[in-house]
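Undergrad: Give me coordinates for this.
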Amino acid sequence: MIEIYVNSKKYNVEASQTIMQALDTLGFKIPRLCYHPKLSIEGACRVCIVEVEGIRNYVASCAYPVTEGMKIHTNTYELRTARRDIVELILDNHPEDCHTCERDGICELQRLAYSMGIRTRHFKGAKKIYAKDVSSTSVTRDPEKCILCGRCVRMCSEIQKVNALRYAYRGFGTVVMPAYNMPFSESVCTACGQCINVCPTASFVEKNYTQELFKKLQDNSIIKIAQVAPSVRAAIGEAFSFEPGRAMEGELAAALKLLGFDYVFDTQFAADLTIMEEASEFLQRVQGKGKLPMITSCSSAWMKCMEQFYPDMIENISTCKSPMSMMGALTKTFFADKIKKDPKNIFTVGVMCCTAKKYESQRPELKVNGMDATDMVVTTREIAWMIKSAGIDFVNIKPENFDIPLGLSSGAGTIFGVTGGVMEAAIRTAYELYTGETLMNIEVNAIRGFNGIKEGKIIMDNQEIRVAVAHGLGNAAELLNTVREDPSKYHFIEIMGCPGGCIGGGGQPYAGSNTIPLDEESLRKRAESLYGLDRKKTIRRSNENPDIQRLYKEFLGRPLGPISHKLLHTHYEPKNPKGIIPKDIKAR
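TA: Take a look at the predicted model:
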């Protein structure tokens, strides 16, 4: 510990901290834009400047370390004026469309301008002019709203390690873009949406389908069906000012029916179905009928990443479709037959935490009898806006149940939304299918938590099964490079493309005014919400779900059977987007 002085008062702080970190612990909130605690220090925006006695110029508090006896001033008139001038210069080169902007009211630049008392634009000058990139099915890029904070670049390179974004040109012409300024749809972007989560403005947003969906909901000639991903229920309350982690599955089911959906199903049911197929597939591979380690295939961003950067490991990937795609396939076959409707007149919508699910819904391999299994995907953010726009009182709405026969789920299906959850759910069922005995300690703590890579093992009939879990594509890269070096190290691997798993998906609500994007405490609360729902369930193993058992008896036959294989499994192929040189793939 060392002594420093802040605004003439003495404090003790840790010697290893930056000025910003030290001031945060003391209760002084220094304004900031480019800073993010999970990313490297950029020091680009200079909004966080403070005055330090003995130093001629203001210093960036995010990058400057504290020293013994340092005398810091945070709130002098001159300092406040300098910060305000910096933000005014940023605003000078920013579009004047706040009231029509996607981030109106939840924009970090807007909040900052208000807190600094900026009520007039004093600077006038040339503005950058760029076209929007709307080529991607998942992410829209608007360079005119970019403030060059570099958060997206650092997220993509440091956390996800995809490197889809970089600075180009210099000075006034500096811009963030994919390689060669190619369209997002042709780049190595995995559609994970983490650039959206950390962007302080609206330079990156999801491809919005809300207006198209409103039109579909008014069409009485079609059957409208929604399905809800596990993690959406643990996060949507944040869009209505509830604390993170409040479980609102009943409220969401009720709101979707008021919006105009004829049926609301639970993706958790399909998660149970995924486990039946995936656990069976894994046991086959353990018995020598397939390549090990088997790697899960539920994360859409991870699937695109794998096809681009790890084509040599395609045989390791489970052939199971994701729960969303399984549910879509069932809706247009099993359920269509159940209600005696032509599947061409059924419109299916995935309410997902994930921007990459928009990309997944358009994959041609996932079509069922020539039709898209999932016709449209909207994110947690989009559906929250639609509920507000429709005037639905989500805060006081009376909860309702999901519809049968595709709405009942086990606790195992619930924890799909957390990193390690797919693995834990699979272990609960695989153990029983393999040994004929019930696994008593079903909460597998070794693969819970937010460590980047987690390992565990379980004994099944005297055979040691070694498993690993990674969340975030950067951690996935590290884990898979280990597998390349030692292919026999693990039997089963789960990979989730987003930090924290689906709870940290690119389509989750924006951070509130008192939190930061991807705040770990918020992720923990969302995770505990799902674990809490699991613990409250009477049924906690996928194989015990009576509606899953009935589905196999009435329609599918058996896991990995002919009908299951046709509807619930798929294949993957190497992809070589522009900008990837094939010889460099293994080096990554």
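Undergrad: how about Arg524, what does it touch?
TA: Counting by CB atoms under 8 Å, 6 or more residues apart in numbering, Arg524 makes contact with 245, 450. The way it works is simple: take the backbone N, C-alpha and C, and place the C-beta from them, glycine included.
Undergrad: Double-check that Gln549 belongs to a helix.
TA: Yes. Looking at Gln549 with DSSP: H, G, I helix; E, B strand; the rest coil, it is inside a helix.
Undergrad: measure it to Ile90 for me?
TA: Per CB to CB, to the nearest Å, Gln549 is found 59 Å from Ile90.
Undergrad: Of these two, give the one with the bigger neighbour count.
TA: Shown here are Gln549 and Ile90; by other CB atoms under 10 Å, Ile90 has more neighbours (21 against 12).
Undergrad: any idea how far the more buried one is from Met116?
TA: Distance, Ile90 to Met116, by CB to CB: 11 Å.
Undergrad: same thing with Ser488?
TA: 58 Å.
Undergrad: out of those two, which sits in the more crowded spot?
TA: Legend: neighbour count by other CB under 10 Å for Ser488 and Met116, higher for Met116 (18 against 9).
Undergrad: helix, strand or coil for Tyr11?
TA: State at Tyr11, reduced to three classes by three-state DSSP: strand.
Undergrad: OK, contacts around it?
TA: So Tyr11 contacts 3-5, 22, 26 (CB under 8 Å, 6+ apart).
Undergrad: Then Tyr35?
TA: The contact partners of Tyr35, by CB under 8 Å, 6+ apart, come to 20, 41-42, 45, 48, 62.
Undergrad: same question, Gly117
TA: Arg84.
Undergrad: what's the domain layout of this protein?
TA: If you go by automatic domain parsing, the domain ranges for the chain are 2-75, 92-206, 210-508+540-568.
Undergrad: Quote the end-to-end distance of the last one.
TA: This means domain 210-508+540-568. End-to-end span of domain 210-508+540-568 (CA to CA, to the nearest Å): 28 Å.
Undergrad: what does stretch 134-142 give?
TA: Distance between the boundary residues of stretch 134-142 (CA to CA) amounts to 9 Å.
Undergrad: hang on, Leu112 packs against Leu33?
TA: Yes. Between Leu112 and Leu33 there is a contact at 6.7 Å, judged by CB atoms under 8 Å.
Undergrad: joint contacts of the two?
TA: Val47.
Undergrad: before we move on, back to that, how about the domains of the chain, which one is nearest Leu523?
TA: Nearest to Leu523 among the domains of the chain is domain 210-508+540-568 (4.2 Å), distances taken as CB to CB.
Undergrad: one step back: right, so the domains of the chain: which one is the most enclosed?
TA: Comparing the domains of the chain by mean neighbour count (mean count of other CB atoms under 10 Å), domain 210-508+540-568 comes out on top with a mean of 21.
Undergrad: from the contacts of Tyr11, which single one is nearest Leu518?
TA: Leu518 has its nearest neighbour among these in Ala22, at 22.6 Å by CB to CB.
Undergrad: any idea how far Lys537 lies from Ala126?
TA: Lys537 is 60 Å from Ala126, where distance means CB to CB.
Undergrad: Same check on Phe282?
TA: According to CB to CB, Phe282 and Ala126 sit 59 Å apart.
Undergrad: ok, now Glu573?
TA: With CB to CB as the criterion, Glu573 and Ala126 are 46 Å apart.
Undergrad: for Ile129, what are its contacts?
TA: Ile129 touches Glu144, counting by CB under 8 Å, 6+ apart.
Undergrad: hang on, it in a helix?
TA: No. The assignment for Ile129, made by three-state DSSP, is coil rather than a helix.
Undergrad: pLDDT value on it, please?
TA: You'll see Ile129 listed with a pLDDT of 90.
Undergrad: and if you look at the one 3 residues further on?
TA: As predicted, Lys132 sits at a pLDDT of 93.
Undergrad: ok, now which ones touch it?
TA: Neighbouring residues of Lys132 by CB under 8 Å, 6+ apart: 140-144.
Undergrad: Can you tell me which of those is nearest Lys367?
TA: Distance to Lys367 across these (CB to CB) is lowest for Thr140, with 25.1 Å.
Undergrad: ok, now how distant is that closest one from Cys195?
TA: The gap separating Thr140 from Cys195 is 11 Å, by CB to CB.
Undergrad: same question, Ile129
TA: 21 Å.
Undergrad: what does Glu554 give?
TA: Glu554 sits at a distance of 44 Å from Cys195 (criterion: CB to CB).
Undergrad: Among the contacts of Tyr11, which one sits closest to Tyr310?
TA: Closest approach to Tyr310 among the contacts of Tyr11 (CB to CB): Ala22, at 42.0 Å.
Undergrad: looking at it, the closest one is touching Ala15, isn't it?
TA: No. If you go by CB under 8 Å, Ala22 and Ala15 don't touch, sitting 9.5 Å apart.
Undergrad: Overlap in contacts, the two.
TA: Residues touching both Ala22 and Ala15 (CB under 8 Å, 6+ apart) are Val66.
Undergrad: Please enumerate the strands of the stretch 251-400 of the chain.
TA: Assigned strands in the stretch 251-400 of the chain, in chain order: 263-266, 294-295, 346-352, 376-379 (criterion: DSSP state E, counting those that start in this stretch).
Undergrad: quick one: which of the ones you listed is nearest Asn181?
TA: strand 376-379 (26.2 Å).
Undergrad: Name every strand pairing with the closest one and say which way it goes.
TA: Sheet pairing of strand 376-379 (DSSP bridges) gives strand 346-352 (parallel).
Undergrad: elements contacting the longest helix along the chain?
TA: Of all the elements of type helix in the chain, the one with the most residues (DSSP state H) is helix 267-286. If contacts are counted by 3 or more CB pairs under 8 Å, 6 or more residues apart in numbering; DSSP states H and E, helix 267-286 sits against strand 223-228, strand 294-295, helix 323-330, helix 411-414, helix 421-435, helix 546-551, helix 562-568.
Undergrad: Give me the helices and strands touching the last one, please.
TA: Applying 3+ CB pairs under 8 Å, 6+ apart, one finds that helix 562-568 contacts helix 267-286, helix 323-330.
Undergrad: who touches both of Thr140 and Cys195?
TA: Shared contacts of Thr140 and Cys195 (CB under 8 Å, 6+ apart): Phe204.
Undergrad: Please tell me how far the nearest residue to Met1 once chain neighbours are set aside sits from Val52.
TA: Nearest in space to Met1, with sequence neighbours left out and distances taken as CB to CB, 6 or more residues apart in numbering, is Asn12 at 4.8 Å. The gap separating Asn12 from Val52 is 18 Å, by CB to CB.
Undergrad: ok so, going back, identify, from the contacts of Tyr35, the entry nearest to His569.
TA: Glu42 (44.0 Å).
Undergrad: Helix, strand, or coil at that closest one?
TA: coil.
Undergrad: got the contact list for it?
TA: 34-35, 62, 149-151, 154.
Undergrad: and which of the residues you listed is nearest Val232?
TA: The nearest member of these to Val232, counting by CB to CB, is Arg151 at 24.4 Å.
Undergrad: Is it correct that that closest one is in contact with Cys34?
TA: Yes. Under the criterion of CB under 8 Å, Arg151 makes contact with Cys34 at 6.6 Å.
Undergrad: on that earlier part again, among the contacts of Tyr11, which ones are in strands?
TA: Counted as lying in strands by DSSP state E, out of those, are 3-5.
Undergrad: Brilliant, that's me finished.
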